[in-house]
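Visitor: Need coordinates for the below:
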Amino acid sequence: MAIQKSITDVFGATHTASYTRIRSVYLTTETAMIALMSYHNAAARSKGDTESEKPPFRTDSIEVDASDFTTFFVETVLDDADKTPFTQAYAYLKTQSTPINFTTGTSDV
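Guide: Numbering: from 1, shown residues only. Presented below is the predicted three-dimensional model:
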């Protein structure tokens, strides 16, 4: 699972089909920490072939707390059969406009 969208990097280069994946989700009883890696495209991510994987052009860490944590990551939410920390992290990202605006132009890949 990943999110595909157009992202402009810090140097002004636009990655029109960037591939952002969640590297990890760390949960405590009150917060979640989501680590992201953004690649130029899915081929640069080279899923399944670590030797061909290119370095990400961007990495981010996002802390989730307060009401957002309660909405997406509290134990009673994660008890649902179709919800995992990763699926909830992707759902949360699609509501965020920083550090990357995931609220528009995203596709699940």
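Visitor: on contacts alone, who are the packing partners of the lengthiest helix in the chain?
Guide: The longest helix of the chain (DSSP state H) is helix 85-93. Using 3 or more C-beta pairs under 8 Å, 6 or more residues apart in numbering; DSSP states H and E as the contact criterion, the elements in contact with helix 85-93 are strand 14-27, strand 32-39, helix 66-72, helix 75-78. Where C-beta positions appear, they are placed from N, C-alpha and C, glycine not excepted.
Visitor: excluding its backbone neighbours, what's nearest the one residue sitting closest to the centre of the chain?
Guide: Central residue of the chain (C-alpha atoms, centre = their mean): residue 22, 4.3 Å from the mean position. The shortest distance from residue 22 to any non-neighbouring residue, by C-beta to C-beta, 6 or more residues apart in numbering, is to residue 89 (5.2 Å).
Visitor: what about the one you found, distance to residue 41?
Guide: In this view, residue 89 and residue 41 are 21 Å apart by C-beta to C-beta, to the nearest Å.
Visitor: Looking at the two, which one has more neighbours?
Guide: residue 89 (23 against 13; other C-beta atoms under 10 Å).
Visitor: contacting residues for that one?
Guide: Shown in contact with residue 89 (C-beta atoms under 8 Å, 6 or more residues apart in numbering): 22, 25, 32, 34, 72.
Visitor: same thing with residue 44?
Guide: Counting by C-beta under 8 Å, 6+ apart, residue 44 makes contact with 19, 53-54.
Visitor: same question, residue 9
Guide: 15, 57-58.
Visitor: on that earlier part again, which of the helices and strands packed on helix 85-93 has the highest mean neighbour count?
Guide: Highest mean neighbour count among the helices and strands packed on helix 85-93 (mean count of other C-beta atoms under 10 Å): strand 32-39, with a mean of 20.
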